[in-house]
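> Next one to model:
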Amino acid sequence: MPAAKVGGGMFRGQSRGSVRRAGALLAAILTMSGTALVATPARAADDCSLGLATAGQVSPVGGGGYLVCSGRVASFDGTPLDVDLSIPVNVPGPLPLMVMLHGWGGSKADYESTSLAGNGRNTWHWNNAWFASHGFAVLNYTARGFGRSCGQDPAHGYTYAADPRCAGRASWTHLSDRRWEIRDTQYLTGLLVDAAIARPDQVVVTGGSYGGGQSWLLAMAQDRVLQPDGTTRSWSSPRGTPIRLAAAVPQYGWTDLAQALIDNGRAADGLSGTAADLPHQDPVGVAKQSYVDGLYAAGQITAQYAAHDPSANLPGWFAAITAGEPYQANPLVAQAIAQLEQFRSAYAMPVPPASAQVPVYAIQGLTDPLFPGIQATQMLTRLQKARPGYPVWALFGDVGHSYAGNPPEVWQTANDAANRWLHEILAGAEPTAPKVTLNPVQCADNRDVSSYSADRLANLANSVWTFRDDARVTTANTFVPGPESAGLDPILNSGCRTAAVGSDPGVATWTFRPPTAGTLVGAPVVRVTATLIGTDAELAARLFDVDPAAGTQTLITRAVLRVTGSTGLAQEVTCQLWPTGWRLPIGHQLKLELTATDTPTWRANNQPAALALSNLEVTVPLHATTPSGPNSMR
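Numbering: from 1, shown residues only. Reported below is the predicted structural model:
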């Protein structure tokens, strides 16, 4: 497939057709600061600290020169981490520090460039060259357990197994654990503070996917360090200087990692008339089969796994999740979920009080099936409900993991906005950016990158369509998914998923005719009476834009719901589909599909089950030039 990469690693943005894979699985896979600086003598052009070696000096076109220092630095437990440090030449320090965290399977190079433009997409004006040219020291390093940070680098013949510095230490990947990977970032930052390179009050963290999840964790940490024994202490440098995170810019990451990988469909952002947010793993969710398989395979190539560590037993957890139902009978499933929620999910962390709040600018995908928009919207709702006025902003668009198209126009608009916001935050000014910005998805080239903005999520929509149907239909997981489901696999397919109108056998289908054109903004909600035949089933939802004239359907959004209960019991279930921004032209139709099996995107249930469905209601939030109000239609 053509590869126009948007950064390195599997947990990172991918352009259309850029998905990589090992064998069949890895193709899925993956003036700024206005603040005064403390005056110290100018740094010499060849002055590297922390035992790093000078790797060269770069002078990007249109930017200032900077020194690159490279090498391995021992973390708090002695594990060597592969580090690059970019320092502006002849700029007095200490300096604001930008920490750039890579994606799963990636490396320190993910956010590195010798040009300000980077790759033209997610690293456009968002890379080490850009920030060093604007007065930042920039830290890029390979995460613990990956590449030359005690992982594997097959291209250069490196493996942790032959590295004596990795032996006898917990040098393996802990999957973004606050006690390990997050502490690594905090410790390296402290070393730079002690070396008079970084200002302790001007630390910024950013990253995509795996790095985006870590950025959220750091933003919620309240400047506390969680140690391996479970105790916490204030974040300070090894020499005792207190450190304060000034801002975080997570990009297409997660806030609840267990929910993102094993989704039960109970999450809700409180908008669009959804039910209250319910426990995300009670019952245990449905595994994102193709992504879970692909991610694990990618790690086998570049990471060090440790089956002997119950707090980071990725081999055991993967085997337990892929074995399938009944999950309650497998203690490794409970262990995995508990570890993911407690130590790797910002959503589970306490909401900081005003004195410990870190401003956040989140960039999240509308077409990203791995970390969909709900990962950001649920967090925004939680923070703003607990602490009205919480300093959190968000921009949504066609970015992130496949299916995302990652158009250059969208990324450049997003990074421009993030740069303006960051400049204002570090200057102590009130940001001028809207609290929420949404760029609708466009499948055609030459995108206009128009957007909708509001002071809160709920205000993006100014109207709603409501569709109802009383017909009774049945879907069962005994049907074998056909070409429609295969064509929607986000690992083997990317970009807008357009195909001839049709449905696989066993899929319940409804088609609705909206009265006008409109732009969907937010999360459609499905309510239906479901009679469970069995005790455990999945109900996957898919919403399409149907063009009757062309005879095609294009996927808009989707989701999944775990349905449990006594056989024969009728229950009303609610499923919030993933948030979207989608222009529906006049004459187009909306097609909803509900199915009890949706492989390979979602893992098929081991237990035979069927769902008799009736009393369907679908609500669709939208932005209309002239609000049309609620509609009831077939």
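> can you give me the helices for the stretch 151-300 of the chain?
181-194, 210-219, 257-261, 289-302 (DSSP state H, counting those that start in this stretch).
> can you redo the ones you listed as JSON lines with mean neighbour count?
All C-beta spots, glycine's among them, are computed from the backbone N, C-alpha and C. Below are the helices of the stretch 151-300 of the chain laid out as JSON lines (neighbours: other C-beta atoms under 10 Å):
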{"stretch": "helix 181-194", "mean neighbour count": "23"}
{"stretch": "helix 210-219", "mean neighbour count": "29"}
{"stretch": "helix 257-261", "mean neighbour count": "24"}
{"stretch": "helix 289-302", "mean neighbour count": "23"}
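> Any chance of CSV for those helices, columns distance to Thr475 and mean pLDDT?
Below are the helices of the stretch 151-300 of the chain laid out as CSV (distance: least, C-beta to C-beta, whole Å; pLDDT from 0 to 100):
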stretch, distance to Thr475, mean pLDDT
helix 181-194, 41, 99
helix 210-219, 33, 99
helix 257-261, 24, 98
helix 289-302, 18, 98
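> Next, format the ones you listed as JSON lines and append distance to Thr516.
What follows is the helices of the stretch 151-300 of the chain, written out as JSON lines (distance: least, C-beta to C-beta, whole Å):
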{"stretch": "helix 181-194", "distance to Thr516": "48"}
{"stretch": "helix 210-219", "distance to Thr516": "37"}
{"stretch": "helix 257-261", "distance to Thr516": "35"}
{"stretch": "helix 289-302", "distance to Thr516": "36"}
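> Those: which one's closest to Ala167?
Proximity to Ala167 (C-beta to C-beta) singles out helix 181-194 among the helices of the stretch 151-300 of the chain, at 18.2 Å.
> how about the closest one as CSV, C-alpha atoms only?
Taking Å, rounded to 0.1, in the frame of the first residue of the first chain, the C-alpha atoms of helix 181-194 are listed here in CSV:
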residue,chain,number,x,y,z
GLU,A,181,6.9,5.6,31.6
ILE,A,182,5.3,8.7,33.1
ARG,A,183,7.9,8.8,35.8
ASP,A,184,10.6,8.5,33.1
THR,A,185,9.4,11.7,31.6
GLN,A,186,9.3,13.4,34.9
TYR,A,187,12.8,12.2,35.8
LEU,A,188,14.4,13.2,32.5
THR,A,189,12.8,16.6,32.8
GLY,A,190,14.3,16.9,36.3
LEU,A,191,17.8,16.2,35.0
LEU,A,192,17.4,19.0,32.4
VAL,A,193,16.2,21.4,35.2
ASP,A,194,19.3,20.5,37.2
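> Figure out how far it is from the centre of its chain.
Computed by C-alpha atoms, centre = their mean, to the nearest Å, the separation of helix 181-194 from the middle of its chain amounts to 23 Å.
> Which elements pack onto it?
Helices and strands touching helix 181-194, by 3 or more C-beta pairs under 8 Å, 6 or more residues apart in numbering; DSSP states H and E, are strand 80-88, strand 95-101, strand 137-141, strand 198-208, helix 210-219, strand 224-226.
> give me that answer again for 7 Å
Packing partners of helix 181-194 (3 or more C-beta pairs under 7 Å, 6 or more residues apart in numbering; DSSP states H and E): strand 95-101, strand 137-141, strand 198-208, helix 210-219, strand 224-226.
> Quickly run through the sheet partners of the first one, with directions.
What it means is strand 95-101. Note on strand 95-101: by DSSP bridges, its sheet partners are strand 137-141 (parallel), strand 198-208 (parallel).
> For the last one, the averaged confidence score.
Along strand 198-208, the predicted confidence averages to a pLDDT of 99.
> residues in contact with that strand?
7, 12-13, 35, 38, 94-103, 122, 137, 185, 189, 192-193, 214-215, 218, 237, 241-252, 422, 426 (C-beta atoms under 7 Å, 6 or more residues apart in numbering).
> can you check the first one too?
Contacts of strand 137-141 from elsewhere in the structure, counted by C-beta under 7 Å, 6+ apart, are 81-87, 95, 97-100, 108, 111-112, 128, 131-132, 188, 192, 197-198.
> Switch the strands paired with strand 95-101 over to CSV; also include distance to Ala323 and mean neighbour count.
Compiled in CSV, those are given as follows (distance: least, C-beta to C-beta, whole Å; neighbours: other C-beta atoms under 10 Å):
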stretch, distance to Ala323, mean neighbour count
strand 137-141, 35, 26
strand 198-208, 31, 26
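> Thr519 is nearest to which of those?
With distances scored as C-beta to C-beta, the stretch of the strands paired with strand 95-101 nearest to Thr519 is strand 198-208 (26.7 Å).
> and the direction of the closest one versus that of helix 181-194, what angle?
Angle of strand 198-208 versus helix 181-194, following axes from the mean of the first three to the mean of the last three C-alpha atoms, to 10 degrees, is 150 degrees.
> Send over strand 198-208 as CSV, restricted to the C-alpha atoms.
The C-alpha coordinates for strand 198-208 follow below in CSV (Å, rounded to 0.1, in the frame of the first residue of the first chain):
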residue,chain,number,x,y,z
ALA,A,198,15.0,23.7,31.3
ARG,A,199,12.9,26.1,33.3
PRO,A,200,11.0,24.2,36.0
ASP,A,201,7.9,26.3,35.5
GLN,A,202,7.8,26.2,31.7
VAL,A,203,7.5,22.5,30.9
VAL,A,204,5.1,21.5,28.1
VAL,A,205,4.3,17.9,27.0
THR,A,206,2.8,16.7,23.8
GLY,A,207,2.6,13.5,21.9
GLY,A,208,0.4,11.4,19.5
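> follow-up on the earlier one: which of the contacts of strand 137-141 are buried?
The neighbour count (16 or more other C-beta atoms under 10 Å) marks 81-87, 95, 97-100, 108, 111-112, 128, 131-132, 188, 192, 197-198 as buried among those.
> could I get the strands paired with strand 95-101 as TSV with distance to Ala417?
Output for these, formatted as TSV (distance: least, C-beta to C-beta, whole Å):
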stretch	distance to Ala417
strand 137-141	20
strand 198-208	13
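> quick one, which of those is nearest to Ala550?
For those, proximity to Ala550 was assessed by C-beta to C-beta; strand 198-208 is nearest, at 34.6 Å.
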